[in-house]
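Chemist: sequence first, predicted model second:
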Amino acid sequence: MHLRAPSIAPGVQAFVWAVVFAVYVWLFMEGIGMSTAIAGIIGALVGAAAFLIVRIYGNDPTRRERRRTSP
């Protein structure tokens, strides 16, 4: 029997990374004494940036890029 991990869409992966990183930043800012509102706003901005970065630059390392052949 061969078990393998399920396939997860890149958008879902980017969203999960963004949420985890945003919560991490928010908790860190709460820990150092920053106000809850400012920490929430910065956490949301960092989460949005993380989503975009992972969505744009994240790729599957097992996928091969296609080579273009010149006509």
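Modeler: Here it is on my side, so go on. Numbers count the residues shown, from 1 in each chain.
Chemist: okay, now Gly47: neighbour count?
Modeler: 21 (other Cβ atoms under 10 Å). Where you see a C-beta, it was placed from the backbone N, CA and C, and this is true even at glycine.
Chemist: please, which helix or strand holds it?
Modeler: helix 36-57 (DSSP states H and E).
Chemist: and that helix, how far from the chain's centre?
Modeler: 9 Å (Cα atoms, centre = their mean, to the nearest Å).
Chemist: same question for it, mean pLDDT?
Modeler: Per-residue pLDDT over helix 36-57 has a mean of 91.
Chemist: what lies in contact with it?
Modeler: If you take Cβ atoms under 8 Å, 6 or more residues apart in numbering as the criterion, helix 36-57 is touched by 10-11, 13-15, 17-19, 21-23, 25-26, 29-30.
Chemist: among those, which are located in helices?
Modeler: Using DSSP state H, the members of these that fall within helices are 10-11, 13-15, 17-19, 21-23, 25-26, 29-30.
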